[in-house]
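A.B. asks: when you get a sec, could you give me coordinates for this:
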Amino acid sequence: MMLRPATPTDADAVAQVFLAARQHSLSYLPVVHTDEETRIWIRDTVLATTTVWVAESEGRVVAFLSLDGDMLEHLYVHPGFHSRGMGTSLLETARSVTAGRLRLYTFARNEGARRFYERHGFRAIAFGDDNEEREPDVLYEWLPTPPEDGGEG
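C.D. replies: Next up, the predicted model:
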């Protein structure tokens with residue numbers, strides 16, 4: 001696996017990961033955009049306005065994350081590549097490029113994502129449904145652990 005910053009030429013591959021992951025793991029969500037609208041949004045909004053990193057396996061983009069400041073906007077892994085450490089590696093990348101905290105939303109019913117984030121030290125700080133799917137969601141936050149005091153004091 002290789003992690004790298006995304007380029008505009010990754011738009012179709014990133015969109016394919018997004019669509020496959022949502023169809024597999026979030027099939028309960030209402031479809032609010034066509035696949036073509038999603039591809040355009042990935043190209044013209046996600047890649048153009050956020051910091052995007054991709055994970056490649058054998059030269060193929062199989063996962064990505066999108067950051068906007070301290071907000072992790074998207075973290076998706078293609079269903080055929082789950083449980084291979086790609087999500088964790090991307091999450092560690094997000095932590096390394098943000099200054100301090102990291103926040104994200106996930107759908108309340110996305111139990112797999114919730115377990116993943118909680119296992120990685122995120123805690124739920126708010127609940128709502130302010131998304132276009134009108135699906136209950138959870139705002140999570142991760143704060144770096146302060147260095148331990150050397151006992152001098």
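
A.B. asks: could you use CA atoms for every contact and neighbour count after this?
C.D. replies: Noted.

A.B. asks: report pLDDT for E148.
C.D. replies: Per-residue pLDDT puts E148 at 61.

A.B. asks: likewise D10?
C.D. replies: So, for D10, pLDDT stands at 95.

A.B. asks: in stretch 5-19, what's buried?
C.D. replies: Buried residues in stretch 5-19, counting neighbours by 16 or more other CA atoms under 10 Å, are found at A6, D10, A11, D12, A13, V14, A15, Q16, V17, F18, L19.

A.B. asks: what's the spacing between the second one and L102?
C.D. replies: Here the distance between D10 and L102 works out to 25 Å (CA to CA, to the nearest Å).

A.B. asks: and what of the fifth one?
C.D. replies: Counting by CA to CA, the gap from A13 to L102 is 25 Å.

A.B. asks: again, but for T50
C.D. replies: Distance from T50 to L102, by CA to CA: 15 Å.

A.B. asks: for the lengthiest helix in the chain, name the packing helices and strands.
C.D. replies: For the chain, the longest helix by residue count, based on DSSP state H, is helix 11-25. With contacts taken as 3 or more CA pairs under 8 Å, 6 or more residues apart in numbering; DSSP states H and E, helix 11-25 sits against helix 35-41, strand 60-68, strand 71-77.

A.B. asks: mind putting those in CSV, mean pLDDT included?
C.D. replies: Shown next, in CSV, are the helices and strands packed on helix 11-25 (pLDDT from 0 to 100):
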stretch, mean pLDDT
helix 35-41, 92
strand 60-68, 95
strand 71-77, 93
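
A.B. asks: burial count for the residue nearest to V32 when sequence neighbours are not counted?
C.D. replies: Distances taken as CA to CA, 6 or more residues apart in numbering put E133 closest to V32, at 7.0 Å, once the chain neighbours are dropped. Neighbour count of E133, defined by other CA atoms under 10 Å: 13.
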